[in-house]
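J.: Below are the sequence and a predicted model; questions follow.
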Amino acid sequence: QARRRALGNDHPDVGRSLTALGTLYNRQGRYQQAQELQREAVAVLEASLGPDDPDLAEALMQLGLTSFLLSQPAEAETLYRRALQVHETALGPDSPAVAANLAHLGFLLTNQERYQEAEAPLQRSLNIREAKLGADHFQVADSLDQLGDVYAGESRYKEAEVLYQRALQIKRKVYAPEHP
């Protein structure tokens with residue numbers, strides 16, 4: 001409320017704060033409230049920053065996640081795909097933000113058992129993460145697990161096992177034995 005009074009309702013910082021508060025509400029399971037704030041954040045950020053800003057893409061991603069959590073997969077997919085376009089335009093096709101966006105989209109498609117559609121974005125996410133973050137990064141392990149889920153869903157068990165084993169090796173290197 002203080003930012004709104006100081007900056008006005010249409011300032012990008014208000015949009016960023018709305019996104020952050022919506023994310024907090026998601027973590028608390030307050031999905032309806034989160035969705036309302038995130039819709040407002042998208043409107044504010046698009047109006048103040050334009051259609052190709054990374055902050056808008058992040059708000060779209062968060063709104064997509066909320067839509068997924070509210071069992072609105074069609075809306076989530078639309079939002080993830082729009083965020084992907086914005087991220088690619090603003091940051092380039094090989095940005096770690098693009099990889100994260102692809103991972104969200106792939107997870108959504110996998111969750112719907114749309115394995116063939118999920119494979120390409122998840123493979124691309126993995127490729128970006130390996131190139132930008134290194135082969136032993138924990139996000140690479142996450143991508144390997146997600147792609148393994150696709151292969152397992154398609155009964156490609158040997159391929160899934162290879163990916164899961166590689167992810168496990170990375171996690172054993174990255175995380176200390178006492179890590180939860």
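T.: It's in.
J.: any idea how far residue 98 is from residue 45?
T.: The gap separating residue 45 from residue 98 is 18 Å, by C-beta to C-beta, to the nearest Å. (Each C-beta comes from the backbone N, C-alpha and C, glycine too.)
J.: Same question for residue 78.
T.: Note on residue 78: its distance to residue 98, by C-beta to C-beta, is 17 Å.
J.: Mind checking which of these two has more residues around it?
T.: Counted by other C-beta atoms under 10 Å, residue 78 and residue 98 do not tie: residue 98 has more neighbours, with 24 against 14.
J.: give the contact list for that one.
T.: 84, 87, 88, 91, 92, 128 (C-beta atoms under 8 Å, 6 or more residues apart in numbering).
J.: Could you give the number of residues near the fourth one?
T.: Neighbour count for residue 91, taken as other C-beta under 10 Å: 16.
J.: for the last one, same thing?
T.: For residue 128, the number of neighbouring residues by other C-beta under 10 Å comes to 23.
J.: list the contacts for it?
T.: Applying C-beta under 8 Å, 6+ apart, the residues contacting residue 128 are 94, 95, 96, 98, 99, 102.
J.: The fourth one sits in which helix or strand?
T.: Spelled out, that is residue 98. For residue 98, the host element (DSSP states H and E) is helix 96-111.
J.: what's the angle between the next helix or strand after that helix and helix 96-111?
T.: Scanning forward in sequence from helix 96-111 by DSSP H and E, the next helix or strand is helix 115-133. Interaxial angle of helix 115-133 relative to helix 96-111 (axes from the mean of the first three to the mean of the last three C-alpha atoms, to 10 degrees): 160 degrees.
J.: Can you identify the element that follows helix 115-133 toward the C-terminus?
T.: Note on helix 115-133: by DSSP H and E, the next helix or strand toward the C-terminus is helix 138-153.
J.: Can you give me the buried ones in that next one?
T.: By neighbour count on 16 or more other C-beta atoms under 10 Å, the buried set for helix 138-153 is 139-153.
J.: and that helix, average pLDDT?
T.: Helix 138-153 shows a mean pLDDT of 98.
J.: ok, residues contacting it?
T.: By C-beta under 8 Å, 6+ apart, helix 138-153 touches 96, 99-100, 103, 106-107, 110, 113, 115, 118-119, 122-123, 125-126, 129-130, 133-134, 157, 159-161, 163-164, 166-168, 170-171, 174-175.
J.: Report the buried members of those residues.
T.: 96, 99-100, 103, 106-107, 110, 115, 118-119, 122-123, 125-126, 129-130, 160, 163-164, 166-167, 170-171.
J.: what distance separates the helix holding residue 98 from the middle of the whole chain?
T.: 5 Å (C-alpha atoms, centre = their mean, to the nearest Å).
J.: Okay then, goodbye and thanks.
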